[in-house]
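Student: I would like the atomic coordinates for the input below:
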Amino acid sequence: MNQRRLTFHLRSGPFGTSRSLAGIDAALAAGAFDQTVQVLLSGDGVLLALAAQEAQRLEQKSPEKILSALPLYDIDALWVDAQALRRRGLGDAALLNNARALEPAAFQRALADADHVLSF
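Tutor: This is a model prediction of the structure:
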């Protein structure tokens, strides 16, 4: 059976809406069922991959803890739009250990190569 790659494209920031956390939960569920999953962050979604967030102060789930658990679900592809990072005055050093910044052409290629894209 030919397994399809699911891409979860998260564009919403970590706080103020549950959209991005719902997308992460969906990615974890797909990973738990042995699907091939990649997570791409763009727009305000790049803020999900920042280290040292203090979500507990806002009484919310920590995106840092959740995204750090992706490898436990065999999700090794956590890619961040490098251009969106730069627009927010951020660089690779601000990212979680399991997140990698991709330049725009590589980021667009990852989206284009996906069998299914679920956007949050």
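
Student: CA atoms for contacts and neighbours, from now on please.
Tutor: Fine.

Student: list the contacts of the longest helix along the chain.
Tutor: Secondary structure of the chain per DSSP state H: the longest helix is helix 19-32. Helix 19-32 is contacted from outside by 8, 10-14, 36-37, 39, 45, 63, 66-67, 70, 73-75, 119-120, using Cα atoms under 8 Å, 6 or more residues apart in numbering.

Student: now the angle between helix 19-32 and the very next helix or strand once past that helix, please.
Tutor: Remark: after helix 19-32, the chain's next helix or strand is strand 36-41, criterion DSSP states H and E. Put simply, strand 36-41 runs at 160 degrees to helix 19-32, going by axes from the mean of the first three to the mean of the last three Cα atoms, to 10 degrees.

Student: how far out from the middle of the chain is the least confident helix or strand in the chain by mean pLDDT?
Tutor: Using mean pLDDT, DSSP states H and E, helix 63-68 stands out as the lowest-scoring helix or strand of the chain, at a mean of 86. A distance of 9 Å separates the centroid of the chain from that of helix 63-68, by Cα atoms, centre = their mean, to the nearest Å.

Student: buried ones in it, by neighbour count?
Tutor: By neighbour count, with 16 or more other Cα atoms under 10 Å as the criterion, the buried positions of helix 63-68 are 63, 64, 67, 68.

Student: need the helices for this structure, in chain order.
Tutor: According to DSSP H, the helices that the chain contains are 19-32, 63-68, 82-87, 104-112.

Student: do you know how far residue 36 is from residue 85?
Tutor: 26 Å (Cα to Cα, to the nearest Å).

Student: now swap in residue 37 and tell me
Tutor: Residue 37 is 22 Å from residue 85, by Cα to Cα.

Student: what's the answer for residue 49, then?
Tutor: 10 Å.

Student: who has more neighbours out of those two?
Tutor: Taking neighbours as other Cα atoms under 10 Å, residue 49 and residue 85 compare with residue 49 leading, 27 against 24.

Student: what about the chain, any weak spots by pLDDT?
Tutor: 1-2, 54-61 (pLDDT under 70).
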